[in-house]
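Student: Just a sequence and a predicted model for now, questions to come.
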Amino acid sequence: MRFIAGVLNKVVILTILFLMILGYGIIIEPNLLRINKIEVGTLTKGKVRVVQFSDTHLDDNYTIRDLEKIVRIINHQDPDIIVFTGDLIDSVQDSKYPEDALKTLKKLDAELAKIAVFGNHDYGSQGYKYYRNMMEGAGFKVLVNESVILNPGGQMMINVVGLDDALLGNPDYKKVSSLITKKYYDILVMHEPDEISHFEQDPYELALAGHSHGGQIRIPFIGEVSTPPLAKKYVKGMYEITEEKKLYVSSGIGTTVLPVRLMNIPEIAVIDVNI
Ligand SMILES: [Fe+2]
């Protein structure tokens, strides 16, 4: 009898602990925000501030009010370039927000440019009907296997190259490869981080990706529980591909599938790029 009571006690304690952790993962952590400040490169010509945000997955769990907060925080960082690495809306059927999202994202203020690429969710659930119009209406340049050259002043020349989404879009590796040049400081923008393997031979300096959500749920000492396709090798944070080439994988802001984040606080990356 005493043994059964002991086991029951442990089951009750473990259940309460599990519910507390789940409550934290559903109610508290998705509403936190970490601003990750990073510096790359060696200062020779000048410095440019890139602010990256990713994977907002607008839905009933992540609303326009939440997006407005993010916009205010990004503007507060004084960005020269704002980069969005895809997955704006979780699913169009579930979302009532395309027009409001456009108005909100329009308030983002960058000195030089606002750049975006497609994520798989921006194509899926008929998202492609809205995404380009929303982003362009909000002042973003949507790069689909294209590049844009920016001159922040002086001898600094930045070439931002965007790859189309690999899961539901049409990534043109050959074309994107040809757009990366030794002449400029090249920032390669893509949704799925493992796509970086297609550009091993190309002289980009900084690559930015999202998609992984950092695993969304992470367990101490183990790491991510699972990640989506094309986010298996590169999951979270800064990777030194070579001494000259860096890849930053954003953990994103919103959630998908499960409205839970654990040990993986939503993030905005503030990257000071020395050129
Ligand atoms: Fe995502």
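Tutor: Received it, and whenever you're ready, just let me know what you need. Small disclaimer: the values here were computed from a predicted structure and weren't measured.
Student: all contacts plus neighbour counts: C-alpha atoms, from now on.
Tutor: Fine.
Student: Put the alpha carbons of the host helix or strand of Val161 into PDB.
Tutor: Assigned by DSSP states H and E, Val161 belongs to strand 156-162. The C-alpha trace of strand 156-162 is given here as PDB (Å, rounded to 0.1, in the frame of the first residue of the first chain):
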ATOM      1  CA  MET A 156      31.300  50.300 -49.200                       C
ATOM      2  CA  MET A 157      29.300  48.300 -51.700                       C
ATOM      3  CA  ILE A 158      26.900  45.600 -50.500                       C
ATOM      4  CA  ASN A 159      25.400  43.000 -52.800                       C
ATOM      5  CA  VAL A 160      22.300  41.400 -51.200                       C
ATOM      6  CA  VAL A 161      21.400  38.200 -53.000                       C
ATOM      7  CA  GLY A 162      18.100  36.300 -52.300                       C
END
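Student: What's the separation between Tyr62 and Pro228?
Tutor: Counting by C-alpha to C-alpha, to the nearest Å, the gap from Tyr62 to Pro228 is 20 Å.
Student: These two: who's more crowded?
Tutor: In this view Tyr62 and Pro228 are compared by other C-alpha atoms under 10 Å, and Tyr62 has more residues nearby, 20 against 12.
Student: Now the more buried one. Nearest residue, chain neighbours left out?
Tutor: Distance criterion C-alpha to C-alpha, 6 or more residues apart in numbering; nearest residue to Tyr62, sequence neighbours excluded, is Gly254 at 6.3 Å.
Student: pretty sure the one you found is touching Asp60, no?
Tutor: No: applying C-alpha atoms under 8 Å as the test, Gly254 and Asp60 come out as separate, 10.8 Å apart.
Student: Contacts only, for the closest residue to the ion within the stretch 51-200 of the chain.
Tutor: With C-alpha to the ion as the measure, Asp55 is the residue of the stretch 51-200 of the chain nearest to the ion, at 4.4 Å. Residues near Asp55 by C-alpha atoms under 8 Å, 6 or more residues apart in numbering: Thr85, Gly86, Asp87, Leu88, Gly210, His211, His213, Gly252, Ile253, Gly254, Thr255.
Student: Any idea how many residues pack against the fifth one?
Tutor: So that's Gly210. Neighbour tally, Gly210, other C-alpha under 10 Å: 31.
Student: Test for you: state the pLDDT assigned to the residue nearest the centre of the chain.
Tutor: Central residue of the chain (C-alpha atoms, centre = their mean): Ser54, 2.6 Å from the mean position. On the pLDDT scale, Ser54 is placed at 98.
Student: dump the residue contacts of it.
Tutor: Phe84, Thr85, Gly86, Asp87, Leu88, Gly210, His211, Ser250, Ser251, Gly252, Ile253, Ile268.
Student: Could you rerun that using 7 Å?
Tutor: Residues in contact with Ser54 (C-alpha atoms under 7 Å, 6 or more residues apart in numbering) are Phe84, Thr85, Gly86, Asp87, Gly210, Ser250, Gly252, Ile253.
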